[in-house]
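*Asks:* Everything below, folded, please.
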Amino acid sequence: MDPGRLDGLPLFEALSKKDRAQVAMWADEVDVGSGIELASEGSYAHEFFVIEAGTAQVTRHGQPIAELGPGDFFGEIALLGSDHHRTATVTASTPMQLVVMFQTEFRTMAERMPHVADQLREAIRARWEADQLRG
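*Replies:* Here you go, the predicted model:
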């Protein structure tokens, strides 16, 4: 994917330009239409998404719990490895542009560039902790 697409996304802002270019080698760009289910509660988690444009609704047990937009990410449980299942369903509310990284590519990146994987995990952890404080 074009590394420039990572430049404006908060998750990647702490990475150097060189590191963002490397991450782009393991990520894909995806455009989806409104109404597309991107993650299904209870299903096996194997990819991670960062929203470039558009919005998505998050539901748990069929009830809305959050709205996500540009700069937000979801599916981070896929980066933890082993047998993790999705904790919520995420559905595109509008047409969306996404950056997607699959678990296998993240593992490859983590082996070759552990400092980058650590930075991304730390950003994910910080967001998770902030979400827990908000309730």
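*Asks:* For residue 98, pull up the helix or strand it's in.
*Replies:* Using DSSP states H and E, residue 98 sits in strand 96-102.
*Asks:* Describe which strands that strand pairs with in its sheet and in which direction.
*Replies:* Strands that pair with strand 96-102, judged by DSSP bridges, come out as strand 28-32 (antiparallel), strand 47-53 (antiparallel).
*Asks:* quick check: angle from the helix or strand following the longest one to strand 96-102?
*Replies:* Scanning forward in sequence from strand 47-53 by DSSP H and E, the next helix or strand is strand 56-60. With axes from the mean of the first three to the mean of the last three Cα atoms, to 10 degrees as the basis, strand 56-60 and strand 96-102 are set at 60 degrees to each other.
*Asks:* Give the next helix or strand downstream of strand 56-60.
*Replies:* Remark: after strand 56-60, the chain's next helix or strand is strand 63-68, criterion DSSP H and E.
*Asks:* and the following helix or strand past that following strand, what's its mean pLDDT?
*Replies:* The helix or strand immediately downstream of strand 63-68 is strand 73-74, counting by DSSP H and E. Mean pLDDT, strand 73-74: 89.
*Asks:* How far does strand 73-74 sit from its chain's centre?
*Replies:* Relative to its chain's centre, strand 73-74 lies at 4 Å (Cα atoms, centre = their mean, to the nearest Å).
*Asks:* residues in contact with it?
*Replies:* Residues from elsewhere that reach strand 73-74 (Cβ atoms under 8 Å, 6 or more residues apart in numbering): 11, 38-39, 48-51, 56, 58, 68, 88, 90, 124, 127. Every C-beta, even on glycine, is put in place using the N, C-alpha and C of the backbone.
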